[in-house]
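# I would like to see how this sequence folds:
(chains A, B, C and D)
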Number of protein chains: 2
Amino acid sequence: MEDESLRLDNQVCFTVHAASRALDGIYRRELRDLGLTYPQYLVMLVLWEGGPGAADGRPPTVKELGASLRLDSGTLSPLLKRLEAAGLVRRDRGVHDQRSVHVRLTAGGSALRRRARQVPARIFAATGLDEGELTHLRHALGRLTTALDGALLDTAASGAAPE
Amino acid sequence: MEDESLRLDNQVCFTVHAASRALDGIYRRELRDLGLTYPQYLVMLVLWEGGPGAADGRPPTVKELGASLRLDSGTLSPLLKRLEAAGLVRRDRGVHDQRSVHVRLTAGGSALRRRARQVPARIFAATGLDEGELTHLRHALGRLTTALDGALLDTAASGAAPE
DNA sequence: TACAATTTGACTGTGCACAATTTAATTGTG
DNA sequence: CACAATTAAATTGTGCACAGTCAAATTGTA
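Below is the predicted model of the structure:
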């Protein structure tokens, strides 16, 4: 047989994967009435909060949205177009820098916030965990993600050491 | 402002999502040489273990594979076709039940196991967590997934209670 | 045997995620 | 001003995930 700890990390990876999909399933159900998917909901959350540049009155760019949610343009561009088609956001080229696309809520997009208010409570209930467990889980996953991102930066090095 | 615990669960959901993607990125790097994606690697792991019906000498069906990995045929069918195209597995209709498709390793698929042996250790190292933390995380995520799956079964009920 | 119900897997369409490339606009430098 | 380098989005292609639908095969029952 093999080292138990090696088996263990596979299982952890699997449970992270499974939990992510289970969470996606719950959000799918809770957001169906709002016509949103989970990633779309995340984008709307950021916009409802005022966006990454909430300090300024300026609406956030695609790049800023992507940075705060860790999504790239290949994911965000079509997603934002769908939100625009649904009448929830507007996309306008920047005045100063024509490369930038600023994303702002429409009246309909802002109005949706009220209907989305009950979503977190329902998700919280579905998790079956209490506040302390969620906090602990959040910290553990945060450390995990930070470590993984760090490991991913050391790309070229750490070549396959034989044996 | 709002209840802090409501904010918290959104963050947990986000960290699960983020951790899942970070993990996917690490696996992408570690499995590139083997020509596998993470879900494909999971399928190969199950097959290397002998499959869900390891007790019998019988190779597992697509349905059995899906049950053990929580993947449905819409995901598994094309995935297995890619593994077959890569020469790693063979798919044969069952003799007794022509509806079933049995999946078995080819010689190449079995041989790949040796090259994949070092993968778990590298992933384990990349997580930056020790065995105890991984165990704890695994249990917490397991409870979370179980609760979410349970909540997902109570679909029709729990209608939107207003107020 | 004939037929309805169930089971199984494939197929289609939508959407997320990421890598790689492309295009357009800006900035820096001579 | 001209031109190279950089930056921002969009686009393309591959693959995962799931809902919904479909066809084929089996099973149960009359």
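# use CA for all of it now, contacts and neighbours both
Fine.
# Just the helices from chain A, written as ranges.
Counting by DSSP state H, chain A has helices at residues A:4-31, A:38-48, A:62-69, A:73-85, A:107-116, A:119-127, A:131-153.
# which of the ones you listed has the lowest average pLDDT?
Lowest mean pLDDT within these: helix A:4-31, a mean of 87.
# and that helix, what other elements does it pack with?
Packing partners of helix A:4-31 (3 or more C-alpha pairs under 8 Å, 6 or more residues apart in numbering or on different chains; DSSP states H and E): helix A:38-48, helix A:119-127, helix B:4-31, helix B:119-127, helix B:131-153.
# let's go with 6 Å and repeat that
helix B:4-31, helix B:119-127 (3 or more C-alpha pairs under 6 Å, 6 or more residues apart in numbering or on different chains; DSSP states H and E).
# List of residues touching the shortest one?
By that I understand helix B:119-127. A:L6, A:D9, A:L144, A:A147, A:L148, A:A151 (C-alpha atoms under 6 Å, 6 or more residues apart in numbering or on different chains).
# What separation do you get for the residue lying closest to A:L144 once chain neighbours are set aside and DNA strand C?
Residue nearest to A:L144 in three dimensions, not counting chain neighbours: B:T127, with 5.6 Å by C-alpha to C-alpha, 6 or more residues apart in numbering or on different chains. Using C-alpha to the nearest atom of the strand, to the nearest Å, B:T127 is found at 16 Å from DNA strand C.
# and B:T127, how many residues sit next to it?
24 (other C-alpha atoms under 10 Å in any protein chain shown).
# Give me every residue in chain A lying close to DNA strand D.
For chain A, the residues in contact with DNA strand D (C-alpha under 7 Å from any atom of the strand) are A:17, A:21-22, A:25, A:61-64, A:73-78, A:99-102.
# Buried subset of these, written for PyMOL?
Entered in PyMOL, the line below selects the buried ones among the residues of chain A next to DNA strand D, by 16 or more other C-alpha atoms under 10 Å in any protein chain shown:
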select buried, chain A and resi 17+21+22+25+61+62+63+64+76+100+101+102
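# when you check DNA strand C, which of the residues of chain A next to DNA strand D turn up near it?
A:S73, A:G74, A:T75, A:P78, A:R99.
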